[in-house]
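*Asks:* Fold the following.
(one chain, ligands or ions: 2)
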Amino acid sequence: MRLTAPGAPLELAEVVLAAPREHEVLLGVEACGVCRTDLHVRDGELPGIHCPLTPGHEVVARVLAAGRAVEGFKAGDRVGVPWLGHTCGECAYCRRGEENLCVAARFTGYTLDGGYAERMLADARYCLPLPEGPAAELAPLLCAGLIGYRAYRAAGDGASLGLYGFGAAAHLLAQVARHEGRRVFAFTRPGDLAAQRFARELGAVWAAGSDEAPPEPLDAAILFAPVGALIPAALGAVRPGGRVVCAGIHMSDVPAFPYRLLWGERSIASVANLTRRDGREFLALAARLKLRARVERFALSDAERALERLRSGALAGAAVLEMPAAASVAGGPARP
Ligand SMILES: [Zn+2]
Ligand SMILES: [Zn+2]
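*Replies:* Ligands and ions are numbered 1, 2, ... in the order given. Presented below is the predicted three-dimensional model:
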């Protein structure tokens, strides 16, 4: 499914892929999660989008062929392709272990073709090993889970945590938080009772609209909803010394707010991208906790409908595109 111009609907197209270069693997895609970032890409809200482009950065796939310098993966292995697709290895950020901030980083489904496809090429050095199990349920771990977990760590280890926007990322993190004995307070769109019920099912001790105040000041809050006005709201919900972490890549403008909301050593931070180390650590944790994503499945050609469901807030959990089984088998998708 290709984006031919920012803002235009994705279109099914056939693309001829080159043979994998030395560090690349040719992948047969099993499933690809639909992330809010894909919506920002599709809508042209991010800079530097070159069309045509295949979106998708929560890819569960099988290796079909490997370039001659690929180590660690062979044909038949299951791999995950996350958002971070390439780094330079030389800039100041790469050298200090902050490759998520690399000045020359490239990103799957944004500046590299991604997984809204039956086949794709990926740099094996940025792929992550994945266990067996239903591909669709693993896909959301690769961004919603992984970058969500980076935000979760950035929020500190307080006992109470607010989550603004109870979608793909929050529904995974609520499970992690519950496992760690932390109390989750879920904030949804005002009046979204279904999302509030979903949050309580997953262990939230309190769930209400984002226009409501929590019953007690929180230790920290994470913003998954791309709404700038939630920053002052979240600052008002955390205690002195509390932290507000913005997990999304794009947000509407933040309105002016009185300094007293920030006063008291409250802080605001953002989380950007991931490191490969984040990926390995989070996937090990997900396996230990037997994290399960609640998913709504769509055919590849239904990507636009999946994005619309995400945009309207109608999903409970995560949307995932599932490819026909033949796509991930050498020899290729059956042609009519
Ligand atoms: Zn994402
Ligand atoms: Zn770099």
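*Asks:* shouldn't residue 248 be in contact with residue 36?
*Replies:* Yes - with contact defined as CB atoms under 8 Å, residue 248 counts as touching residue 36 (6.5 Å). In short, each C-beta sits where N, CA and C put it, glycine included.
*Asks:* Report the set of residues contacting both of the two.
*Replies:* Counting by CB atoms under 8 Å, 6 or more residues apart in numbering, the residues touching both residue 248 and residue 36 are 224, 226.
*Asks:* How confident was the prediction at residue 65?
*Replies:* We note a pLDDT of 97 for residue 65 in this prediction.
*Asks:* Kindly report the same for residue 48.
*Replies:* Reported pLDDT for residue 48: 92.
*Asks:* who touches it in this structure?
*Replies:* residue 111.
*Asks:* now it: how far from residue 121?
*Replies:* Residue 48 is 20 Å from residue 121, where distance means CB to CB, to the nearest Å.
*Asks:* Check residue 235 too.
*Replies:* Distance from residue 235 to residue 121, by CB to CB: 43 Å.
*Asks:* How about residue 304?
*Replies:* According to CB to CB, residue 304 and residue 121 sit 24 Å apart.
*Asks:* interface residues of the stretch 51-200 of the chain facing ligand 1?
*Replies:* residue 143 (CB under 5 Å from the ion).
*Asks:* does ligand 1 sit close to stretch 214-229?
*Replies:* No - using CB under 5 Å from the ion, stretch 214-229 stays clear of ligand 1, with a minimum separation of 10.6 Å.
*Asks:* Number the chain from 451, please
*Replies:* I'll keep to 451 as the first residue from here, and by that count the last item is stretch 664-679.
*Asks:* what comes up buried for that stretch?
*Replies:* Residues 664, 668, 669, 670, 671, 672, 673, 674, 675, 676, 677, 679 are the ones in stretch 664-679 that count as buried (16 or more other CB atoms under 10 Å).
*Asks:* Then stretch 762-769?
*Replies:* Buried-residue list, stretch 762-769, by 16+ other CB under 10 Å: 765, 766, 767, 768, 769.
*Asks:* Could you find the closest non-adjacent residue to the closest residue to ligand 1 within the stretch 651-786 of the chain?
*Replies:* The nearest approach of the stretch 651-786 of the chain to ligand 1 comes at residue 699, 7.6 Å away (CB to the ion). Closest residue in space to residue 699, ignoring its immediate chain neighbours: residue 487 at 5.2 Å, by CB to CB, 6 or more residues apart in numbering.
*Asks:* and that neighbour, helix, strand or coil?
*Replies:* helix (DSSP: H, G, I helix; E, B strand; the rest coil).
*Asks:* Which residues are in contact with the one residue in the stretch 501-650 of the chain that gets nearest to ligand 1?
*Replies:* Residue nearest to ligand 1 within the stretch 501-650 of the chain (CB to the ion): residue 593, separated by 3.2 Å. Shown in contact with residue 593 (CB under 8 Å, 6+ apart): 483, 485, 487, 507, 508, 532, 533.
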